[in-house]
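Peer 1: Provide a 3D model corresponding to the input given below.
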Amino acid sequence: FDPNDMTKYYREVYNKSSRLALTSGSLEQVSDAGKDNHSVFTYFLLKSLNDNDRKYFDAGQLFNDFRMAVVNNSDQTPQLQVVRDTNDEGGQFIFIKKD
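Peer 2: Predicted coordinates for the structure are as follows:
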């Protein structure tokens, strides 16, 4: 992995601190039942990761890929938010597809 061999956006957010929390729901109770022995949240998270064909993508892009599928198939609303007062600088966790 060479961080200098990335598009400008990914290079910039990769080099900034990020304090994001990705959760399966908000204040509501979330379900453990789902598909293929996973919760609804985990099933669609893994499906998004497995179906990805981009070389780089960030946590926000991943979240947007599967959020509505979880909402449409359960009574929970996944969240992706900055954890306040933790020195977040607007960075992102970057996923890098292995060849």
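Peer 1: make it CA atoms for all contacts and neighbour counts henceforth
Peer 2: Fine.
Peer 1: mind checking which helix or strand of this protein has the lowest mean pLDDT?
Peer 2: Within the chain, no helix or strand scores below strand 34-35, which has a mean of 84 by mean pLDDT, DSSP states H and E.
Peer 1: the helices in this protein, which residues?
Peer 2: Taking DSSP state H to define them, one finds helices in the chain at 8-14, 40-51, 59-72.
Peer 1: rank these by pLDDT, which is bottom?
Peer 2: Within the helices of the chain, the stretch with the lowest mean pLDDT is helix 8-14, showing a mean of 88.
Peer 1: buried residues in it?
Peer 2: For helix 8-14, the buried set under the neighbour-count rule, 16 or more other Cα atoms under 10 Å, comprises 10-11, 13-14.
Peer 1: Could you work out which of the helices of the chain reaches nearest to residue 98?
Peer 2: Of all those, helix 40-51 sits nearest to residue 98, with 11.3 Å by Cα to Cα.
Peer 1: Packing partners of the closest one?
Peer 2: Using 3 or more Cα pairs under 8 Å, 6 or more residues apart in numbering; DSSP states H and E as the contact definition, the elements that helix 40-51 packs against are strand 34-35, helix 59-72.
Peer 1: Mind listing what's buried along that helix?
Peer 2: Using 16+ other Cα under 10 Å as the test for burial, helix 40-51 gives 40-45, 48.
Peer 1: Touching it from outside, list them.
Peer 2: The contact list for helix 40-51, computed with Cα atoms under 8 Å, 6 or more residues apart in numbering, reads 24, 31-36, 62-63, 65-66, 69-70, 73-74, 78.
Peer 1: and it, C-alpha only, in CSV?
Peer 2: Extracted in CSV, the C-alpha atoms of helix 40-51 (Å, rounded to 0.1, in the frame of the first residue of the first chain):
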residue,chain,number,x,y,z
VAL,A,40,-29.7,-7.7,9.0
PHE,A,41,-27.0,-5.0,9.7
THR,A,42,-24.1,-7.4,9.4
TYR,A,43,-25.5,-9.2,6.3
PHE,A,44,-25.8,-6.0,4.3
LEU,A,45,-22.5,-4.6,5.6
LEU,A,46,-20.7,-7.8,4.4
LYS,A,47,-22.6,-7.8,1.2
SER,A,48,-21.5,-4.2,0.5
LEU,A,49,-17.9,-5.1,1.2
ASN,A,50,-18.0,-8.3,-1.0
ASP,A,51,-19.8,-6.6,-3.9
